[in-house]
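Student: got a predicted structure plus its sequence, pasted below:
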Amino acid sequence: MKILITGSNGNLGTKLIDTCLKRGHNPVATDFAVEPSNRTLGKFEYFWGDVQEREKILQICNKVKPDVIIHTAAITDVDLCEQEHELAVNINLEGTVNILNYAEESGCKLVFISTDYVFDGQKGNYIETDETEPINFYGQNKLETENIIKETIENYLIIRTSSLYGIADNIQNNFLLWILKKLKKDEKVPLFIDQIVNPTLTDNLASNIFELISAEATGIYHLAGNDSMSRYEFGELVCEVFNYDKILLEKVSLSDFDFAAKRPKNSSMCLDKFINKCNTKPFGVKESLNFLEIMI
Ligand SMILES: NC(=O)c1ccc[n+]([C@@H]2O[C@H](COP(=O)([O-])OP(=O)(O)OC[C@H]3O[C@@H](n4cnc5c(N)ncnc54)[C@H](OP(=O)(O)O)[C@@H]3O)[C@@H](O)[C@H]2O)c1
């Protein structure tokens, strides 16, 4: 199976390439940078490409002729999306439409990575058919993109995930790395007690995405870490597993900060549809952190 991965230098993209190589598939990678940042993972073909550039993206797709495209490339900074609507639309929506056009023409499967931020966070434990009501532009944009995909093709997988973290040589930025950097420097770590999410290990998410592809799943799936908790509780587990003093953790509330983009309070998701389809449970936080602790 030929698999094209966009955003291949990113948190999830890196682990998708790794998983692809480990499973003996032949990944082809594309990202914004001229060179792949994760070449040490092994041998794979790489194309530079900005998803906004329609001709370039079609050229890459026509050359690769993938059976599956896993589209992770996006702007993930929710505050930036709130401040720069045009940029967010151009990359997160129009960029996806460029890829969708190829999928429509060729019939290849499109796996689109969406977000728990399509929900308003009033209820929590959301299932796939729950009403969507984004409260920030990033969520609105992702939802609009989901809808365009659903209206255009049948062979799609929309995966809504949440709060990604992981460790890789080429990755500088995610929620866990931010916490660990502060703890290592003996700095206070302000963490929300009132934002509930499903923290998700990128290694495990990548592997579970391949489970869905192998099961020939189509439609929308909630796929994230198996535990829902506050960011503060996540920090407590990080301290326990990586042996740091919890005294450095500082309880803060969403209302203490004046972010450009509103955050849903409880965007936790129910993963039963995935668990039933693939007969496997995503890792919880403790299992994920123990996995990383052994790795490093
Ligand atoms: N991170 C989360 O907590 C989270 C939660 C829910 C859903 N998601 C979704 O999951 C997906 C993967 O997230 P992630 O955390 O792996 O993101 P990431 O680490 O930021 O990776 C995204 C990649 O896309 C690239 N990119 C940005 N603009 C591009 C463009 N115009 N053309 C081509 N590539 C471009 C980035 O390159 P540069 O770094 O060079 O800009 C980066 O390598 C995204 O679709 C995101 O919306 C993420």
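Tutor: Thanks, I have the structure now. Numbers count the residues shown, from 1 in each chain.
Student: going forward, measure contacts between C-alpha atoms and count neighbours the same way
Tutor: OK.
Student: so who does residue 116 touch?
Tutor: Residue 116 is in contact with 139, 160, 161, 162, 267, 268, 269, counting by Cα atoms under 8 Å, 6 or more residues apart in numbering.
Student: what's the answer for residue 73, then?
Tutor: Residue 73 neighbours (Cα under 8 Å, 6+ apart): 6, 7, 8, 10, 31, 51, 92.
Student: and it, that's in a helix?
Tutor: No: counting by DSSP: H, G, I helix; E, B strand; the rest coil, residue 73 is not part of a helix but coil.
Student: picking up where we left off before, can the contacts of residue 116 go into TSV with extra columns for neighbour count and pLDDT?
Tutor: Converted to TSV, the contacts of residue 116 look like this (neighbours: other Cα atoms under 10 Å; pLDDT from 0 to 100):
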residue	neighbour count	pLDDT
139	26	98
160	21	98
161	23	98
162	22	98
267	25	98
268	31	98
269	27	98
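Student: just the ones of the residues you listed in strands?
Tutor: Secondary structure from DSSP state E places 160, 161 of the contacts of residue 116 in strands.
Student: near the ligand, from the contacts of residue 116?
Tutor: Residues of those in contact with the ligand (Cα under 6 Å from any ligand atom): 161, 162.
Student: residue of the stretch 101-250 of the chain closest to the ligand, please.
Tutor: Residue of the stretch 101-250 of the chain nearest the ligand, by Cα to the nearest ligand atom: residue 163 (3.4 Å).
Student: contacting residues around the nearest residue to that residue once chain neighbours are set aside?
Tutor: Using Cα to Cα, 6 or more residues apart in numbering and skipping the chain neighbours, the partner closest in space to residue 163 is residue 199 (4.9 Å). With contact taken as Cα under 8 Å, 6+ apart, residue 199 is in contact with 162, 163, 164, 165, 224, 225, 227, 228, 229, 234, 285.
Student: just to revisit the earlier point, just give me the neighbour total for the residue of the stretch 101-250 of the chain closest to the ligand.
Tutor: 18 (other Cα atoms under 10 Å).
Student: and for the one 3 residues further on?
Tutor: Counted with other Cα under 10 Å, the burial measure for residue 166 works out to 22 neighbours.
Student: tell me the predicted confidence for it.
Tutor: Residue 166 is assigned 97 on the pLDDT scale.
Student: three-state assignment of residue 5?
Tutor: strand.
Student: follow-up on the earlier one: next, the residue nearest to residue 163: phi, psi?
Tutor: Backbone geometry at residue 199, expressed as degrees, to the nearest 10, gives phi -60, psi 140.
Student: spell out which parts of the stretch 151-296 of the chain neighbour the ligand.
Tutor: 161, 162, 163, 164.
Student: and for the stretch 1-150 of the chain?
Tutor: Contact residues (Cα under 6 Å from any ligand atom) of the stretch 1-150 of the chain with the ligand: 7-13, 31-33, 49-52, 72-76, 91, 113-115.
Student: sort out which of those residues are in strands and list them.
Tutor: 31, 113, 114, 115.
Student: can you redo those residues as CSV with neighbour count?
Tutor: Output for those, formatted as CSV (neighbours: other Cα atoms under 10 Å):
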residue, neighbour count
31, 23
113, 20
114, 27
115, 22
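Student: using TSV, lay out the residues you listed together with distance to residue 106 and pLDDT.
Tutor: Shown next, in TSV, are these (distance: Cα to Cα, whole Å; pLDDT from 0 to 100):
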residue	distance to residue 106	pLDDT
31	21	97
113	20	98
114	22	98
115	26	98
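Student: may I ask which two of those are separated the most?
Tutor: Using Cα to Cα, those span at most 20.1 Å, a distance reached by 31 and 115.
Student: so what pLDDT did residue 294 get?
Tutor: On pLDDT, residue 294 comes in at 86.
Student: what helix or strand is it on?
Tutor: Assessed by DSSP states H and E, residue 294 sits inside helix 285-295.
Student: could I get the full set of helices for the protein?
Tutor: Remark: helices assigned in the chain by DSSP state H are 11-22, 54-64, 78-83, 85-88, 95-106, 137-152, 175-184, 202-214, 231-242, 272-278, 285-295.
Student: pick the most deeply packed of those.
Tutor: A comparison of those by mean neighbour count, using mean count of other Cα atoms under 10 Å, puts helix 11-22 on top with a mean of 23.
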